[in-house]
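Novice: this one's sequence-less:
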Ligand SMILES: CC/C=C\C/C=C\C/C=C\C/C=C\C/C=C\C/C=C\CC/C=C/C(=O)SCCNC(=O)CCNC(=O)[C@H](O)C(C)(C)COP(=O)(O)OP(=O)(O)OC[C@H]1O[C@@H](n2cnc3c(N)ncnc32)[C@H](O)[C@@H]1OP(=O)(O)O
Ligand SMILES: Cc1cc2nc3c(=O)[nH]c(=O)nc-3n(C[C@H](O)[C@H](O)[C@H](O)COP(=O)(O)OP(=O)(O)OC[C@H]3O[C@@H](n4cnc5c(N)ncnc54)[C@H](O)[C@@H]3O)c2cc1C
């Protein structure tokens, strides 16, 4: 007899009479029906393999055992890669990130850097000959690489990196050395125990002159024994400069000194997608749990309500729910820009590089910081159970907050965006962003609170805050301050301007996607409600920016507040159906709070029972420590 599938009655009720086609949203997020089919096939292929399941929860293993277990599974995944139904790159993308990858490798993928940075560095900066020599070896996993740029003393300031690569024209070799403790490469993933090669960023010295940071291929460990090569600490290795700037002993300047930064741009682009996947997981867990959890008393004498029926809970969870769509659509736009810019760069056309740099910094900083804040709100919205390790919130939060630092610490990236905006605004030049800066809203600054009217407010804020920052810089200049001091003293304004520009890009992406998208009426309705909720939410959160740059009035704000709470109530009935549309399997959510069937309490209990401490009534430590204390009559 088929086993009755349990479904929490509240969740079951939430799912009744869904007014839109969930699969249509799933296909939208996957990039089409075929991509959804491919993703589900790959998930079944990977998640059905018993060897990829954890015998015990990872949190109960030692550090060394965690590493060994993750490496075992990562290597097994690579064996499965060759036969995967989705093909190499789509599978790699799925296995390296926060979705399918983290369902199997909960503590992280020891091989991630090999694919996320090492191979892209070779592809983006190696010469044809170098690619011919290394790429096949890398793709065939005959070598494992990482990207070693950050040092103990420097991560942000690349011009301050201390690792030196001195070219010896006699031997035609580069001598790599770490001249000080602070020069030690620190942080590169896989560098400690896994990688046997690295792309090492070092200051190139030739003929006594420093030519700046360049990438070098360095072998770290013996390919057979995996022992570190002799002198690995004070590297005197046979590195190869990954880029063809030394011709017959003479340094040839690259067409663009910024090309060595290209790998970081790629990762910043994919990070936007990855933090959005993590945010989708957190929102799904918190939303389903909030419809299962009944607590307190809303109407005196009534049954305890679902906590999702509190407006305060809707205010916590519906903006992050809307953000998952906003960030996904913006990340899709950025991904398309990346491909266009990259294809142009391969033809020698670097015109879009500043736009790509500006927007990738802006979106990476915005999506990672907003996702981190929203994930913490989701965690808090689940009360005590949200604090449990098994809820998966601690791991998701750790992953999204890491993204606020790696690939460019967010503040540094905001200042890079500001540098790009000030330059673009002053020169009235540049490409993509110029439409925001030059296409500024002319005419009266009256406010209309329609969707179009609100988008115009975002544009006024983006342009207006750049102008405020420029005015600050000019004021400092008139006082005789040096440009670097003026820049530092305007940092608060510059960062606000950068953030306003990033928000405008996300808002425009969301609105434009709904205009362009071929959506059914019910899907368009619910996504439009989410879009309007989100852009009003951000406006209310940042109302100071809008007061500064437009004729927004207190009356307008009160009207927008009313619209906001109306939208909370309108979207609330579809919250579970919307997160169901993400089509995130329980194994990917990896949380008893967010499971599809809502059987929360039994799953929490089962998880707790897995703890080694719950394998006996009295732990041995009682006899060693507690009993003597109890007897000691202190
Ligand atoms: C095989 C592939 C198959 C499939 C793909 C596989 C996987 C991908 C899919 C999924 C992956 C899923 C998830 C990924 C998730 C996580 C990633 C995994 C791991 C992360 C590991 C982390 C790695 C790292 O952290 S690496 C180290 C990163 N470090 C940094 O980012 C340093 C930040 N600092 C800087 O960038 C510099 O300080 C600086 C900002 C450049 C400033 O330095 P500097 O003072 O020299 O520069 P100026 O400010 O003077 O500007 C000079 C000039 O240059 C322009 N510029 C600066 N940066 C760039 C750039 N990056 N690109 C282009 N141009 C740049 C700047 O605008 C100035 O120009 P102008 O003079 O014209 O103004
Ligand atoms: C999980 C993780 C994985 C990583 N993986 C890798 C890897 O694989 N390979 C690799 O090479 N690196 C890696 N890193 C290192 C990472 O790239 C650096 O930590 C990051 O670039 C920040 O640099 P930093 O640590 O020097 O911070 P710092 O720049 O020292 O930041 C400290 C403070 O100084 C501020 N600051 C610095 N410069 C400025 C400025 N110009 N203006 C204003 N404020 C400033 C920052 O905003 C910050 O508040 C990883 C880091 C993490 C957390």
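Specialist: That came through, no problem. Since this is a predicted model, take the numbers as computed values, not measurements. Numbers count the residues shown, from 1 in each chain. Ligands and ions are numbered 1, 2, ... in the order given.

Novice: quick one, what contacts residue 96?
Specialist: Contact analysis of residue 96 by C-beta atoms under 8 Å, 6 or more residues apart in numbering lists 109, 112, 115-116. Placement of C-beta: from N, CA and C, glycine included.

Novice: straight-line length of stretch 512-531, end to end?
Specialist: 11 Å (C-alpha to C-alpha, to the nearest Å).

Novice: can you give me the buried ones in that stretch?
Specialist: 513-514, 519, 523-524, 526-527, 529-531 (16 or more other C-beta atoms under 10 Å).

Novice: report the mean confidence score over that stretch.
Specialist: What stretch 512-531 shows for mean pLDDT is 95.

Novice: which residues are in contact with it?
Specialist: Under C-beta under 8 Å, 6+ apart, the answer for stretch 512-531 is 19-21, 24-25, 28, 318, 321-322, 325-326, 329, 332, 451, 510-511, 567, 570-571, 574, 578.

Novice: near ligand 2, which residues of this protein show up?
Specialist: 113, 147-150, 154-156, 187-189, 402, 405-406, 408-409, 411-412, 415 (C-beta under 6 Å from any ligand atom).

Novice: residue ranges of the strands in the stretch 151-300 of the chain, please?
Specialist: Shown for the stretch 151-300 of the chain, the strands assigned by DSSP state E, counting those that start in this stretch span residues 164-168, 173-177, 197-206, 209-219, 240-241, 246-247, 250-251.

Novice: just the contacts of residue 96 now: which is nearest residue 390?
Specialist: Nearest to residue 390 among those, counting by C-beta to C-beta, is residue 109 at 20.9 Å.

Novice: now name the helix or strand holding residue 142.
Specialist: Under DSSP states H and E, no helix or strand contains residue 142.

Novice: now do it, the pLDDT please.
Specialist: 96.

Novice: which residues touch it?
Specialist: residue 223 are the contacts of residue 142 under C-beta under 8 Å, 6+ apart.

Novice: go on, residue 485?
Specialist: residue 476.

Novice: quick one, what contacts the residue of the stretch 401-550 of the chain found nearest ligand 2?
Specialist: At 3.4 Å from ligand 2, residue 411 is the closest residue in the stretch 401-550 of the chain, using C-beta to the nearest ligand atom. Applying C-beta under 8 Å, 6+ apart to residue 411 gives the contacts residue 495.

Novice: which PyMOL command selects the buried ones in the residues of the chain next to ligand 2?
Specialist: Applying 16+ other C-beta under 10 Å to these, the buried members can be selected in PyMOL as follows:
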select buried, resi 113+147+148+149+150+154+155+188+189+406+408+411+415
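
Novice: ligand 1 next: which of the residues of the chain next to ligand 2 are close?
Specialist: Answer for those near ligand 1 (C-beta under 6 Å from any ligand atom): 147, 149-150, 155-156, 189, 406, 408, 412.

Novice: where does this structure dip in pLDDT?
Specialist: Filtered on pLDDT under 70, the chain yields the residue ranges 1-3, 233-240, 242-258, 260-261, 429-446.

Novice: which helix runs longest in it?
Specialist: Longest helix in the chain by number of residues (criterion: DSSP state H): helix 311-346.

Novice: quick check: next helix or strand after that one?
Specialist: Assignment by DSSP H and E places the next element after helix 311-346 at helix 353-380.

Novice: which helix or strand contains the residue of the stretch 401-550 of the chain closest to ligand 2?
Specialist: helix 410-427.

Novice: and that helix with helix 353-380, angle?
Specialist: Interaxial angle, helix 410-427 versus helix 353-380 (axes from the mean of the first three to the mean of the last three C-alpha atoms, to 10 degrees): 140 degrees.

Novice: in the stretch 151-300 of the chain, what residue comes closest to ligand 2?
Specialist: residue 155 (2.4 Å).

Novice: so that residue is in contact with residue 187, correct?
Specialist: Yes. Counting by C-beta atoms under 8 Å, residue 187 is a contact partner of residue 155 at 6.8 Å.

Novice: sorry, back to before: report the angle between the longest helix of the chain and helix 353-380.
Specialist: Using the same axes, to 10 degrees: helix 311-346 against helix 353-380 is 160 degrees.

Novice: what helices and strands are in contact with helix 311-346?
Specialist: Applying 3 or more C-beta pairs under 8 Å, 6 or more residues apart in numbering; DSSP states H and E, we find helix 311-346 packed against helix 262-292, helix 353-380, helix 491-516, helix 521-541, helix 554-571, helix 575-580.

Novice: how far away is residue 361 from ligand 1?
Specialist: Applying C-beta to the nearest ligand atom, to the nearest Å, the value for residue 361 to ligand 1 is 8 Å.

Novice: what sits against that residue?
Specialist: So residue 361 contacts 268, 408, 413-414, 416-417, 420 (C-beta under 8 Å, 6+ apart).

Novice: between those residues, which is closest to residue 314?
Specialist: residue 414 (30.4 Å).

Novice: got a list of what the closest one touches?
Specialist: Contacts of residue 414 (C-beta under 8 Å, 6+ apart): 361-362, 365, 494-495, 498-499.

Novice: ok, now with 7 Å
Specialist: Residue 414 sits next to 365, 495, 498-499 when contact means C-beta atoms under 7 Å, 6 or more residues apart in numbering.

Novice: just the closest of the buried residues of stretch 512-531 to residue 556, please.
Specialist: Distances from residue 556 to the buried residues of stretch 512-531, taken by C-beta to C-beta, are shortest for residue 531, at 19.0 Å.

Novice: circling back to that earlier point, list only buried entries from the contacts of stretch 512-531.
Specialist: Among the contacts of stretch 512-531, the ones that count as buried by 16+ other C-beta under 10 Å are 20, 24-25, 28, 318, 321-322, 325-326, 329, 332, 451, 510-511, 567, 571, 574, 578.

Novice: that older thread, need the ones next to ligand 1 among the residues of the chain next to ligand 2 in TSV (columns: distance to residue 89).
Specialist: Formatted as TSV, those follow (distance: C-beta to C-beta, whole Å):
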residue	distance to residue 89
147	19
149	24
150	27
155	29
156	31
189	20
406	22
408	24
412	30
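
Novice: ok, for the residue of the stretch 51-200 of the chain found nearest ligand 1, nearest residue in space, not its chain neighbours?
Specialist: Here the residue of the stretch 51-200 of the chain nearest ligand 1 is residue 97; by C-beta to the nearest ligand atom that distance is 3.3 Å. Nearest residue to residue 97, sequence neighbours excluded (C-beta to C-beta, 6 or more residues apart in numbering): residue 274, at 4.7 Å.

Novice: which residues of the protein lie near ligand 1?
Specialist: 89, 92-93, 96-97, 112, 115-116, 119-120, 147, 149-150, 155-159, 189, 258, 261, 264-265, 267, 270-271, 274, 353, 357, 406-408, 412, 416, 419-420, 423.

Novice: are any of these buried, and which?
Specialist: Of the residues of the chain next to ligand 1, these count as buried by 16+ other C-beta under 10 Å: 92-93, 96-97, 112, 115-116, 119-120, 147, 149-150, 155, 158, 189, 261, 264-265, 267, 270-271, 274, 353, 357, 406-408, 416, 419-420.

Novice: correct me if wrong: the residue nearest to residue 97 contacts residue 101.
Specialist: No. Between residue 274 and residue 101 there is no contact, the gap being 9.4 Å when judged by C-beta atoms under 7 Å.

Novice: neighbours around residue 49, how many?
Specialist: Burial measure for residue 49: 14 neighbouring residues, criterion other C-beta atoms under 10 Å.

Novice: for it, which non-adjacent residue is closest in space?
Specialist: Nearest non-adjacent residue to residue 49 (C-beta to C-beta, 6+ apart): residue 80, at 7.0 Å.

Novice: burial count for that neighbour?
Specialist: 17.

Novice: same question for residue 558.
Specialist: Neighbour tally, residue 558, other C-beta under 10 Å: 10.

Novice: which non-adjacent residue is nearest residue 496?
Specialist: residue 465 (5.3 Å).

Novice: do the same with residue 403
Specialist: residue 368 (4.0 Å).

Novice: what do you get for residue 59?
Specialist: Using C-beta to C-beta, 6+ apart, the closest residue to residue 59 is residue 389 (5.2 Å).
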